[in-house]
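Novice: Have a look; sequence and predicted model below, questions after that.
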Amino acid sequence: MSAIVLESVLSCPHCGFSSRETMPVDACRYFHECPACRRLLRPLAGDCCVFCSYGSVPCPPVQAQRAAAADARRAPGAGCC
């Protein structure tokens, strides 16, 4: 399993400003105020947090889910008839 990345670059869809942010490992961040234009970012429909919608890296829980799914596909006997 690969290491979980804890930093993501959030890009504001309104003004284009980007800021490097540390993601919480024990909670989702539903709101983020852009430091440049002060618009409040919210997750897009279907996303759990602003990092999954506007970040360069998805949030730690999503990263962990993807890694676990990849590990399951690589497990001995996976996909075997």
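Specialist: Done, it's in. What you are looking at is a predicted structure, and each value in this text was computed from that prediction instead of being measured.
Novice: give the contact list for the residue nearest to the spatial centre of the chain.
Specialist: When the chain is reduced to its mean C-alpha position, the closest residue under C-alpha atoms, centre = their mean turns out to be Pro58, at 1.6 Å. Pro58 is in contact with 8, 51-52, 66, counting by C-beta atoms under 8 Å, 6 or more residues apart in numbering. For glycine as for every other residue, the C-beta is placed from the backbone atoms N, C-alpha and C.
Novice: Any of those buried? List them.
Specialist: Buried by 16 or more other C-beta atoms under 10 Å: 8, 51-52, out of the contacts of Pro58.
Novice: Adjacent strands (with direction) for the helix or strand Ser19 falls within?
Specialist: Ser19 belongs to strand 18-22 when elements are defined using DSSP states H and E. Counting by DSSP bridges, the strands paired with strand 18-22 are strand 7-11 (antiparallel).
Novice: List the contacts of the partner strand.
Specialist: Counting by C-beta under 8 Å, 6+ apart, the neighbours of strand 7-11 from elsewhere in the structure are 17-23, 32, 41, 50-51, 54-59.
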